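Q: dropping the sequence and predicted coords here.
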Amino acid sequence: MIRTLARPLLASAFAVDGAQMVKDSKKYSEEAAAISGQLRAVLPPNISMYIPRDAETNARILGGAKVLASAALATGKAPRLAATTLAAIQVPTTLHRHAFWSAQNSSDKESKKRGLLTDAALLGGLFITSADTAGKPGLAWRVQKAMPGKSEQEKMIANAQDQGKQFAATASDQAQNLFEKTKDVAGQVSEAVSEYVDEHSDDWKSTANDLKDNALNYRDQAVEFASDFSAKQSKEAKKAAKKAQKKAKKSAKKF
């Protein structure tokens, strides 16, 4: 009930101000030019380029934004967003309208001070409204509740550690079983090889003896062949020597 009454009362001041800015844009052109200049200095170039250069157009845009946001706040349609929008527009507006530090005389300075305090109070109401969830869970609260608490985090960590230990123990058991199986297989292979050697040792000895006898025969044949070849070569050498002697004697007789 209180929100139903408070929101329209708070929005009324900004709705009237926005309507005056739209109706008499020339009067507020200087103010709009100052605000748009501040926005261009703050916003990135790719966004500030869309802000119109015409001061009266900017005054109408700011006034229309105030009227729309005030209507949303008064009717309770997205009141937090509407209050935030009004506060974002009103902060530079207040600083420009009520700059008492630049006043030329004391009466003007006092008037601007009072105006600054009034707008500051309105801004306080907007800030409260922008944070008011109307008894419903806010976004920050929902995010915090969605995140696991400390005890839940500890349980998750402990569970992960237990699972890691179980996995390590299982892997160790599997490795030990594999090692034992490998040992058994190696023992079986060794026994099979030993039995095979024992069973065929006589055959291998007989084969080795046959190879030895064949080698001896090949050696004797090689010696005999070498001897015959040497004798044959010796005979041929003697014949060649005799022929050479005869030729030498014939040559000597000619001379």
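A: That came in fine, so what should we check first?
Q: for the stretch 51-200 of the chain, what spans make up the helices?
A: Ranges of helices within the stretch 51-200 of the chain are 55-75, 79-97, 106-131, 139-146, 150-254, based on DSSP state H, counting those that start in this stretch.
Q: so for the longest one, mean pLDDT?
A: For helix 150-254, the per-residue pLDDT values average out at 68.
Q: so Ala32 touches Lys66, yeah?
A: No: between Ala32 and Lys66 no contact is recorded; they are 11.7 Å apart, counting by CB atoms under 8 Å. The C-beta positions use only the backbone N, C-alpha and C, and glycine is treated the same way.
Q: list residues touching both of those two?
A: Counting by CB atoms under 8 Å, 6 or more residues apart in numbering, the common neighbours of Ala32 and Lys66 are Met21.
Q: neighbours around Asn209, how many?
A: The burial count assigned to Asn209 is 10, neighbours taken as other CB atoms under 10 Å.
Q: to clarify, my last question referred to Asp119.
A: Residue neighbour count, defined by other CB under 10 Å, stands at 19 for Asp119.
Q: skipping adjacent residues, who's closest to it in space?
A: With CB to CB, 6 or more residues apart in numbering as the criterion, Asp119 has its nearest non-adjacent residue at 4.1 Å, and that residue is Thr94.
Q: that neighbour: neighbour count?
A: By the other CB under 10 Å criterion, the neighbourhood of Thr94 contains 17 residues.
Q: state the distance from it to Ala34.
A: According to CB to CB, to the nearest Å, Thr94 and Ala34 sit 12 Å apart.
Q: in what helix or strand does the closest residue to Gly76 other than its chain neighbours lie?
A: Closest residue to Gly76 apart from its sequence neighbours, by CB to CB, 6+ apart: Arg7 at 6.3 Å. In this structure, Arg7 sits in helix 2-23 according to DSSP states H and E.
Q: which residues sit against the helix or strand following that helix?
A: Following helix 2-23 in sequence order, the next helix or strand is helix 29-42 (DSSP H and E). Where contact means CB under 8 Å, 6+ apart, the residues beyond helix 29-42 that reach it are 21, 25, 48, 51-52, 55-56, 58-59, 61-62, 92-93, 96-97.
Q: closest to Ile2 among those?
A: Distance to Ile2, by CB to CB, is smallest for Thr93 among the contacts of helix 29-42, at 27.3 Å.
Q: spit out the contact partners of the closest one.
A: Contacts were defined as CB under 8 Å, 6+ apart; by that measure Thr93 touches Glu31, Ile35, Leu62, Asp119.
Q: most neighbours among those, please name it.
A: Among these, where neighbours are counted by other CB under 10 Å, the top count belongs to Leu62, at 24 neighbours.
Q: local confidence estimate at that one?
A: According to the predicted model, the pLDDT of Leu62 comes to 86.
Q: does it touch Ser25 like I think?
A: No: Leu62 sits out of contact with Ser25 when judged by CB under 8 Å, with a separation of 9.3 Å.
Q: now, among the contacts of helix 29-42, which is nearest to Gly124?
A: Distance from Gly124 was checked for each of those by CB to CB. The minimum falls on Thr93, at 15.4 Å.
Q: measure that closest one to Glu30 for me?
A: From Thr93 across to Glu30, the span is 12 Å (CB to CB).
Q: for Pro52, which non-adjacent residue is spatially closest?
A: Setting aside the residues directly before and after it, Pro52 is nearest to Asn58 in space (CB to CB, 6+ apart), at 5.7 Å.
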